[in-house]
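Asker: Please find the sequence and the predicted model below.
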Amino acid sequence: MYLSSAASEAVASALHKIASRSLTSSSAATSQKKQHIIILGGGIAGLSTARYLLGHTQQHRNVNITLIDRNVVDNNNNTQPSSTYEEQQTEYPHFSTPSRRNGNVLCPSLTIPWTTRSLFNEAIKPAIKSVFAFNNNQADDRPAITFDWKSLMSDRSMYSFATHYLLQKTIYKPPKQHQCNKSILEYNMECLDDPCDALVQSIDYGRFAQGTQLVDGKMVEGDSSGDVGLFCRGLLRGLQCEFDDRFVVRSEESVDSLVLTEDHGNNDNGQQHQDSLSAVVTVDRNGIKSTIHADQFVIALGNESRPLCNKIQVPCPIYPVKGHLVTISSSVDCIYNITLPNGIGYAAPMDHKVNGRRLYRLSGFVDFTPNKEPDQHRIDALVNAAKIHLDDVEVIDASACHRPFSADDRPIIGPAAKFGNVYLCTGFGSRGWSVGLGSGSLLASLILGLPCNVDPEPYLPRRFGARYF
Ligand SMILES: Cc1cc2nc3c(=O)[nH]c(=O)nc-3n(C[C@H](O)[C@H](O)[C@H](O)COP(=O)(O)OP(=O)(O)OC[C@H]3O[C@@H](n4cnc5c(N)ncnc54)[C@H](O)[C@@H]3O)c2cc1C
């Protein structure tokens with residue numbers, strides 16, 4: 001369905017109004033009623049949501065947050081930022097979590113979602129090549145996108161993801177798809193640079209690059225680089241200091257299951273109550289279970305959001321897509337991100353130096369595979385691509401990690417279908433560092449019924465109407 005631009009703007013604005021009306025009905029920002037909100041996941045999505053929920057309710061102090069993460073999110077009391085890269089890595093291990101270590105690129109310019117690209121070039125062609133590539137151990141020439149068919153064919157969630165992808169690409173596509181990612185990306189930079197946000201401004205996350213150089217040599221302004229792991233750690237510590245009486249972190253506790261409210265009676269208007277959650281059950285590393293009750297629940301588990309949503313039959317089409325990361329040093333001192341050739345990824349300069357040599361984080365490749373191990377061919381390909389721009393490269397470390405891609409390559413932010421007290425903040429894909437803080441701010445505004453500078457409509461989970469397969 002195609003709409004003229006005036007008509008599509010009118011539809012978008014009407015939808016925004018409807019969304020705002022339905023989402024502002026239970027404003028907690030000004031209400032005196034105390035609320036306990038549980039945030040599941042302490043990555044950039046969960047921490048950013050906590051930051052704005054706590055910040056906006058500072059006056060009435062009526063919101064308490066419990067943040068749960070299966071990993072150690074605050075593993076020491078050291079309040080000094082680590083001065084060297086090595087110190088940082090030992091002090092704050094990344095446990096294969098993309099919010100601890102990623103490509104470091106803050107990229108508001110990277111707006112184009114997968115759903116607007118050529119299905120043949122982006123999916124079918126690489127898919128056919130992958131049939132041969134995964135059987136080829138000397139696969140240096142694999143395309144940037146590959147599909148591990150053997151595993152994918154037996155994974156039901158892939159069928160659901162693919163169905164949602166096709167529906168979003170062909171039928172449900174919103175007017176101005178490019179604009180959709182653009183607004184949250186730009187809003188994120190506003191949040192990062194908000195001069196009134198003393199907490200965020202106090203975090204030293206090594207913001208460094210000024211722009212991105214494209215393959216054709218053109219420069220894109222507005223992009224930058226910084227360390228997502230340092231940012232998350234700084235944000236966590238800031239929240240613990242500023243809101244110590246209203247913010248509890250339960251780390252090393254894994255979310256096991258969700259408890260549904262049993263009352264399905266009628267409300268004062270005679271309408272049946274919406275489904276709701278009453279508690280979350282966690283398991284700690286000794287196997288001890290705890291049931292934690294709350295009024296509202298935010299699911300921000302990255303790649304793990306989909307399996308949990310499945311348990312309560314909430315559509316959340318996210319697929320974990322593997323990427324590679326390599327940290328290198330070079331004698332070349334570059335102050336901008338470099339786009340690596342053939343669409344394989346980026347080289348982002350860091351503000352750390354080792355023996356006078358600039359550190360860079362290389363990131364790239366899109367492999368649909370459950371395999372978690374770093375692949376030496378992918379690592380070599382990233383290093384070789386970086387060598388085109390950077391001299392005497394030395395590899396410092398390398399790893400692989402999965403990105404939580406949503407079926408239409410847009411974040412999923414807002415209330416979960418059919419539940420009155422469950423919200424999603426997930427599906428950030430390859431732009432999580434570049435949209436995380438803004439997404440947390442948007443979700444907090446939706447939960448508290450506050451206005452936000454971003455139209456929530458393109459991100460609402462209800463665009464994925466049903467669960468398939
Ligand atoms: C290789 C690679 C390079 C990337 N490069 C960039 C980049 O340059 N720029 C950019 O903008 N983005 C980049 N990204 C994307 C970005 O890192 C992610 O989108 C973002 O970190 C996702 O954040 P999240 O909070 O949604 O999920 P996560 O970071 O996965 O956080 C989820 C949290 O939930 C916890 N959790 C999971 N399951 C459970 C459970 N059962 N119980 C309790 N806790 C649980 C995890 O421990 C984790 O802390 C990259 C990603 C990868 C993999």
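Answerer: Nice, thanks for sending it over.

Asker: just checking, residue 258 touches residue 280?
Answerer: Yes: assessed by C-beta atoms under 8 Å, residue 258 is found in contact with residue 280 at 5.7 Å. Where you see a C-beta, it was placed from the backbone N, CA and C, and this is true even at glycine.

Asker: and residue 118, how far is that from the ligand?
Answerer: Applying C-beta to the nearest ligand atom, to the nearest Å, the value for residue 118 to the ligand is 23 Å.

Asker: Burial check on that residue, number of neighbours?
Answerer: Residues lying near residue 118 (other C-beta atoms under 10 Å) number 9.

Asker: Report pLDDT for the closest residue to the ligand within the stretch 151-300 of the chain.
Answerer: Using C-beta to the nearest ligand atom, the single residue of the stretch 151-300 of the chain nearest to the ligand is residue 255, 3.7 Å away. At residue 255, the model reports a pLDDT of 97.

Asker: That one - nearest residue in space that isn't next to it in sequence?
Answerer: Nearest in space to residue 255, with sequence neighbours left out and distances taken as C-beta to C-beta, 6 or more residues apart in numbering, is residue 40 at 5.2 Å.

Asker: Could you look up the SS state of the residue in the stretch 351-469 of the chain positioned nearest to the ligand?
Answerer: Distances between the stretch 351-469 of the chain and the ligand by C-beta to the nearest ligand atom are smallest at residue 432, namely 2.0 Å. Residue 432 falls in the helix class when you classify it by DSSP: H, G, I helix; E, B strand; the rest coil.

Asker: That one touches residue 404, doesn't it?
Answerer: Yes: counting by C-beta under 8 Å, residue 432 does reach residue 404; the two are 7.4 Å apart.

Asker: Between those two, which contacts overlap?
Answerer: 98, 302 (C-beta atoms under 8 Å, 6 or more residues apart in numbering).

Asker: where do the contact lists of residue 258 and residue 280 overlap?
Answerer: Common neighbours of residue 258 and residue 280, using C-beta under 8 Å, 6+ apart, are residue 297.

Asker: Look up how far residue 292 lies from residue 71.
Answerer: Noted for residue 71: a distance of 18 Å to residue 292, by C-beta to C-beta, to the nearest Å.

Asker: One more: residue 199?
Answerer: Residue 199 is 26 Å from residue 292, by C-beta to C-beta.

Asker: Can you show me the strands along the stretch 201-350 of the chain?
Answerer: Assigned by DSSP state E, counting those that start in this stretch, the strands in the stretch 201-350 of the chain fall at 212-213, 219-220, 224-225, 247-251, 253-260, 277-284, 289-293, 296-299, 318-330, 337-340, 345-354.

Asker: Give the other helices and strands that the third one contacts.
Answerer: Same thing as strand 224-225. Judged by 3 or more C-beta pairs under 8 Å, 6 or more residues apart in numbering; DSSP states H and E, strand 224-225 is in contact with strand 105-106, strand 345-354.
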